[in-house]
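Undergrad: my questions concern the predicted model and sequence given below.
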Amino acid sequence: MPCSLEASLAPLPSAVVATTLGRDRQPAPTHPQPEPQLETEREREDASADPWAETEDLGSTMVFSPEELLEVPEQERHHRSSTPPLRGRVVAPDELSGEDDWSSDAESTGSAALEQHLEDMAFLQASLDARNNNHQQQDGGAPQGRTGESVAERIGRSLNLVASAAASEVDGISLPPPPTGEQEPPPPDSKSATSGGGWGPLTWGLTPGGDQEEPKETPAAPAATAVPPQAAQEAASQTALPDGECLVSSPEGERQAGSNKHRRRRSAKKGKKKQGPANTVHGGKSRAAKGPYGGLSVADILRHPLSKRFVQRTGEVVHILEAKNSRVTAGILRQLQDNNPMWVLFSPRDARFPRLMVPAQECPPSFFQRPADFSHTLFLAELVKWLPDANFPLGRIRQLLGPAGSIPVETNAMLESYNIDHQEFPPGILDDLGVTTDWKVPEEELSGRRDFREELVFTVDPKTARDLDDAISCRRLVVAEGDTRELWEVGVHIADVSRFVRPGTQLDQVAQKRATSVYLVEQVIPMLPRLLCDHLCSLHPGEDKLTFSVVWTLTSDGRVLSEWFGRSIIRSCCKLSYEHAQDLLDDPDRERAPGELPEVFGKHTMAEIAECLRVLRGMTESMRRRRFDGGALRLDQVKVIFSLGENFQPYGISVYEHTESHRLIEELMLLANMAVAHRLYKAFPEEAFLRSHPPPDDAQLVEVEALCSAYGVPLDTTSAGTLQASLNAMVGTDELSQAKLNVLTHMLSKPMKMAVYFCAGRREDPFSFSHYALNVPLYTHFTSPIRRYADIVVHRQLAAALGCGPAVTLSASELQSVADHCNDNKYKARTVQELSTDLFLHAFVEQCGSLEDKAMVVAVLEHAFDVLALSVGMVKRVYCDKLGVKGFQHSTEGGRNSIELHYQSSRSPYEVVVVNIGVFQLVDVLITVVPNDPLKYQVVLKLPPFTVPVVPVKKEDKDRRHQKR
């Protein structure tokens, strides 16, 4: 593998830098600081060896190849792990509230300026590389590559290339020329380019600063001070070379600078001169310019306190050990441009999938005679192989799915593309169990199980649920005489699925392969056969069911005094929906019509159930309050539900409401999951099957915080608790407050990472066990074994820990493999679920023609802006040139991006109506579907009053008019 430097220093947008540098830190003094007196020779050596000892800059990004990292000794590579956290930034333990997961698949908010800047830098560097190579070849010399170039030289070259873009402003940050060793530093109060913020004691040319012989003598400047354009131009006129070139002080650099004159003249004649910041690009072959910072090594860079945030490691794929991603996708067949009769081009619907060359004999016989008939027909194709010298990989047709846009066809395409097993279960899969639909609990099962059949036990689930895997119980305890406390016994009873799914059986293998049930809008693809998930394991009322229980003794405010784990048997007395439970909580004494509430079995009454719910509400509210006071976080995003008619066609849409009854059940399930996690880790510190939620992406979180700060929305991202406190401050009853809270929830969901299963013995740092959102050190999934294989593993381990089941036989590495598989399938299931929602929303909007909605702006770009449609929770981009405006103008002021839209007035052809668009602004939008694409929408603004749309003139129309003239 060739050794190549992939290092780049890219200044962040001004808002990001200001927030990052300024938070929890005092501005650096503007006058030079005296060198600290070192008391011992050892301290002098340590200070001279650490170029980052006083550095506070974090406006750079570096990318290192694997070879460069291998040059760093092991102890140097891990040196930063002992560095204390900066700015007192507290990262709370991990995870999501409830059973929800967040991910950061989408691009981060507010990164448009930085992305544009990096794109410009890459373009300029590519141009510079081409000119360097062409000139060297014309001079008869070989292009100067990177052979023999040390890591320090490559880093110095990259730093100089970035610093060479003098006076190029990006969001208020000016890039000055690099120090040359010949220029005297200006006084601290100078109004030249040196007044801007810098890297403190070590100036790298990312921010203005004069040239000093030693980095420690560089005047420290106030953090994140923007450079005036005039000052930047003065600096550029003194030292900067045009066209992205850099000044160098070495003889080699002087020769390069001299030869650059010829290249600049040649470029100017060709009219290809382009000003802007330069940047190295991957695989670039720019000339090595020994800069004044060539003494830095990769170890020096990694010792920077913030290197974890700004150093990106790169690699090269040399072999694929396990092909996890599906090689099957859905798409359309197209003829090649030359009508080649031997091959057909397969165009996938998924933009991440490459186009395939498919042999013509695999296509339908009539495809070449009537290709238009197949223009909207979906096929399923598989990538077979990709030859090294081929533009497109080879593929083969797996299946003709049917017409695009059909809900069954599109659903089948999703499931196949993500390798979701939706076929019928193999015949005979339950033969080992010897059970049927009329199976009853045998008497021998009662021994060793605690009997709750006479207790008040009931279930609360969604009204359409078929797999009832959890029930709750509650009864008041009799306390000793003189004890004034009000004590309750509260139990969570989970279906004992591990009793039926035995390790090593065919049923276990199929369940492990599926790993999770997949919930689509119109159907559920179960993990287990229907006989188990709908009958034998489901906790139907009036039937004896085998369960695994966690029982606590609780005070009236929900404080745990004791807990018990064990296998049990229950007989649920009632099947409540969340709506039923909420109705009983809201008005328990109201007279209800017959059939309004479900049937109650046994000796219990609905009044007892209502009283139990009232007691549990008081407990869980106190538990929830303490949990959030302790630093928990919950991000509730909008979830839509559909009303379906015949053939699963949607005729209605609504937002799923999270009520008190949901929160009551959620708190009890969380309490059970946390209790089981501690019990497992205590019994099996190496094999415990747990679930963690890592902290969010710090860089993306800083971007969100900077964006909100620019618009006057305070957001404290120090920890999960402070983040929740910031969101609580936004809560209000008016439309604007609720919309702003939804937008903030959307923004914060992007930096969040997905929670994952793991085996405790495969992680060295116990802090990585924690759950960020829940802010707890240990967590697992125990409460849904009918739909999650991970919960079955946890049940088996809990039974082994309690001595009521076989010992744990899987090793830590085997358990980690199971965890990885569960994580992969959970991600696929979640993705397909979201695609299913998009599919039905598309069908609903298509039936309506268009959907009017309120939306809030979440990001403003140069030619477009993103909005969050509040009623459907959908974020879409609105392009200004599609709005029927006469014109628009983008502007930036104080870190705020805005766009002025100029509409034609309907009252006068000489008047315009101006509409300002900014982040956190409410707008009225129209949602329409993209024809022939069942997963895409387009969003436009509703026309303001007294305006008319301006239809843009197409290029063909312009050409015709010109010809007529």
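TA: Looks like it came in fine. Computed from a prediction, not measured in an experiment: that's the story for all the values here.

Undergrad: please count neighbours and contacts with C-alpha atoms only from this point.
TA: Noted.

Undergrad: run through the protein and note the low-pLDDT ranges.
TA: Applying pLDDT under 70 to the chain flags residues 1-296, 306-310, 953-965.

Undergrad: for it, longest helix please?
TA: Assignment by DSSP state H gives helix 812-848 as the longest helix of the chain.

Undergrad: need the next SSE after that helix, C-terminal direction.
TA: strand 851-860 (DSSP states H and E).

Undergrad: what pairs with that following strand, and is each one parallel or antiparallel?
TA: Paired strands of strand 851-860, with direction, are strand 864-869 (antiparallel), strand 922-929 (antiparallel) (DSSP bridges).

Undergrad: out of those, which gets nearest to Lys682?
TA: Nearest of these to Lys682, taken as C-alpha to C-alpha: strand 864-869 at 45.3 Å.

Undergrad: and the angle from the helix or strand that comes right after the closest one to helix 812-848?
TA: Note on strand 864-869: by DSSP H and E, the next helix or strand toward the C-terminus is strand 874-879. With axes from the mean of the first three to the mean of the last three C-alpha atoms, to 10 degrees applied, the angle from strand 874-879 to helix 812-848 works out at 60 degrees.

Undergrad: which residues sit against strand 874-879?
TA: His863, Ala864, Phe865, Asp866, Val867, Leu868, Ala869, Tyr937, Gln938, Val939, Val940, Leu941 (C-alpha atoms under 8 Å, 6 or more residues apart in numbering).

Undergrad: show me what contacts the fourth one?
TA: With contact set as C-alpha under 8 Å, 6+ apart, Asp866 has these partners: Val857, Val858, Ala859, Val860, Val875, Lys876, Arg877, Val878.

Undergrad: and the two most separated of these?
TA: Val860 and Val875 (12.8 Å).

Undergrad: comparing the two, which residue is more hemmed in?
TA: Taking neighbours as other C-alpha atoms under 10 Å, Val860 and Val875 compare with Val860 leading, 25 against 18.

Undergrad: isn't the more buried one up against Gly895?
TA: No: contact between Val860 and Gly895 fails when scored by C-alpha atoms under 8 Å: they sit 11.3 Å apart.

Undergrad: ok, which of the strands paired with strand 851-860 comes nearest Glu455?
TA: Closest among the strands paired with strand 851-860, using C-alpha to C-alpha: strand 864-869, at 46.9 Å.

Undergrad: before we move on, the earlier item: nearest to Asp467 among the contacts of Asp866?
TA: Taking the contacts of Asp866 together and measuring to Asp467 by C-alpha to C-alpha, the closest member is Val875, at 32.6 Å.

Undergrad: tell me what that closest one is bridged to.
TA: Applying DSSP bridges to Val875 gives these bridge partners: Leu868.

Undergrad: circling back to that earlier point, looking at the contacts of Asp866, which is nearest Ala790?
TA: Val875 (32.3 Å).

Undergrad: domain parsing for the protein?
TA: According to automatic domain parsing, the chain comprises the domains 14-29+45-82+113-313, 328-404, 443-689+761-829, 696-752, 851-956.

Undergrad: follow-up on the earlier one: need the contacts of strand 874-879 in TSV with distance to Ala801, can you?
TA: Below are the contacts of strand 874-879 laid out as TSV (distance: C-alpha to C-alpha, whole Å):
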residue	distance to Ala801
His863	61
Ala864	58
Phe865	55
Asp866	52
Val867	51
Leu868	48
Ala869	49
Tyr937	52
Gln938	55
Val939	55
Val940	59
Leu941	60
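
Undergrad: mark which of those are buried, thanks.
TA: By neighbour count, with 16 or more other C-alpha atoms under 10 Å, the contacts of strand 874-879 hold Ala864, Phe865, Asp866, Val867, Leu868, Ala869, Tyr937, Val939, Val940, Leu941 as buried.

Undergrad: so can I have CSV of those residues showing distance to Arg624?
TA: CSV is the format used below for the buried ones among the contacts of strand 874-879 (distance: C-alpha to C-alpha, whole Å):
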residue, distance to Arg624
Ala864, 41
Phe865, 38
Asp866, 34
Val867, 32
Leu868, 29
Ala869, 30
Tyr937, 39
Val939, 39
Val940, 41
Leu941, 40
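
Undergrad: go through these and name the one nearest Ala807.
TA: Nearest to Ala807 among those, counting by C-alpha to C-alpha, is Leu868 at 51.1 Å.

Undergrad: what about the closest one, distance to Val858?
TA: Leu868 sits 7 Å away from Val858 when distances are taken as C-alpha to C-alpha, to the nearest Å.

Undergrad: anything in contact with each of the two?
TA: Shared contacts of Leu868 and Val858 (C-alpha under 8 Å, 6+ apart): Val743.

Undergrad: give me the buried positions along the longest helix of the chain.
TA: Buried, per 16+ other C-alpha under 10 Å, within helix 812-848: 812, 815-816, 818-823, 825-829, 832-833, 835-846.

Undergrad: by contact count, what packs against it?
TA: helix 407-417, strand 518-519, strand 650-655, strand 756-759, helix 789-802, strand 922-929 (3 or more C-alpha pairs under 8 Å, 6 or more residues apart in numbering; DSSP states H and E).

Undergrad: other residues contacting the second one?
TA: In other words, strand 518-519. Val524, Ile525, Pro526, Met527, Ala829, Arg830, Val832, Gln833.

Undergrad: direction included, what does it pair against?
TA: Counting by DSSP bridges, the strands paired with strand 518-519 are strand 524-525 (antiparallel).

Undergrad: got the contact list for the partner strand?
TA: The contact list for strand 524-525 (C-alpha under 8 Å, 6+ apart) reads His422, Ser517, Val518, Tyr519.

Undergrad: possible to save these as JSON lines with distance to Leu736 and neighbour count?
TA: Shown next, in JSON lines, are these (distance: C-alpha to C-alpha, whole Å; neighbours: other C-alpha atoms under 10 Å):
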{"residue": "His422", "distance to Leu736": "43", "neighbour count": "16"}
{"residue": "Ser517", "distance to Leu736": "38", "neighbour count": "22"}
{"residue": "Val518", "distance to Leu736": "35", "neighbour count": "26"}
{"residue": "Tyr519", "distance to Leu736": "33", "neighbour count": "17"}
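
Undergrad: for Pro341, find the nearest of the strands paired with strand 851-860.
TA: Shortest distance between Pro341 and the strands paired with strand 851-860, using C-alpha to C-alpha, is found for strand 922-929: 35.2 Å.

Undergrad: what's the first helix or strand after that closest one?
TA: Assigned by DSSP H and E, the successor of strand 922-929 is strand 937-941.

Undergrad: next, the angle helix 812-848 makes with that next one.
TA: Orientation of strand 937-941 against helix 812-848 (the same axes, to 10 degrees) gives an angle of 60 degrees.

Undergrad: got a list of contacts for strand 937-941?
TA: In this structure, residues lying in contact with strand 937-941 by C-alpha under 8 Å, 6+ apart are 842, 876-879, 882-883, 923-930.

Undergrad: go with 6 Å
TA: Val878, Asp924, Val925, Leu926, Ile927, Thr928, Val929, Val930 (C-alpha atoms under 6 Å, 6 or more residues apart in numbering).

Undergrad: now swap in stretch 679-697 and tell me
TA: 94-95, 751-753, 755-761, 769-772, 779-780, 801, 812.

Undergrad: try 8 Å this time
TA: Here stretch 679-697 makes contact (C-alpha under 8 Å, 6+ apart) with 91-96, 677, 751-762, 768-773, 778-781, 790, 793-794, 797-798, 801, 811-812, 815, 819.

Undergrad: gap between the two ends of it?
TA: Taking C-alpha to C-alpha, stretch 679-697 runs 31 Å from one end to the other.

Undergrad: how about stretch 489-504?
TA: Chord length of stretch 489-504, first to last residue, is 37 Å (C-alpha to C-alpha).

Undergrad: next, the buried residues of that stretch.
TA: Result for stretch 489-504 [16+ other C-alpha under 10 Å]: buried residues 489-502.

Undergrad: just checking, Ser776 touches Phe767?
TA: One correction, residue 776 is Val, not Ser. No: applying C-alpha under 8 Å, one finds Val776 not in contact with Phe767, separated by 10.3 Å.
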